[in-house]
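Asker: sequence below, structure please.
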Amino acid sequence: MDLEFVGTVWEWRGPAPFFFVTVPEEQSALIHSAAAMVTYGWGMIPVEAAIGSSRWKTSLFAKDGGYVVPLKNAIRTSEGINVFDTVNVTLNVAL
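Answerer: Coordinates of the predicted model:
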């Protein structure tokens, strides 16, 4: 399943900062419908993500009834992404 969306980068300030993009409700509903077939536990959904020319493998986190995409520092640095930036995200959820 291939999904595309636009989202805003936000920061979770825990012991170490983490950066995420929230998957919109429509795409989250599609992911949720396939979750039982692809999750490997704790609601984690393995995906291949892309922003700009960067592609990486990661897992979506369940949050507030939807999902969030974690952004690695290497991706943020190579794409020049900062908190509150709006980004185009492509996800491939292998079914």
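Asker: what comes up buried for the lengthiest helix in the chain?
Answerer: In the chain, ranked by residue count with DSSP state H as the criterion, the top helix is helix 25-38. Residues of helix 25-38 classed as buried by neighbour count (16 or more other C-beta atoms under 10 Å): 27, 28, 31, 32, 35, 38. C-beta here means a position set from N, CA and C on the backbone, and glycine is covered the same way.
Asker: what angle separates whichever helix or strand comes after it from helix 25-38?
Answerer: Beyond helix 25-38 on the C-terminal side, the first helix or strand identified by DSSP states H and E is strand 45-51. In terms of direction (axes from the mean of the first three to the mean of the last three C-alpha atoms, to 10 degrees), strand 45-51 departs from helix 25-38 by 140 degrees.
Asker: show residues contacting strand 45-51.
Answerer: Contacting residues not belonging to strand 45-51 are listed as 31, 35, 38-40, 55-60, 67, 69, 71, 75, 79, 81, 87-94 [C-beta atoms under 8 Å, 6 or more residues apart in numbering].
Asker: what do you get if the cut-off is 7 Å, keeping everything else the same?
Answerer: Contacts with strand 45-51, where a contact means C-beta atoms under 7 Å, 6 or more residues apart in numbering, come from 31, 35, 38-40, 55-60, 67, 69, 75, 79, 87-94.
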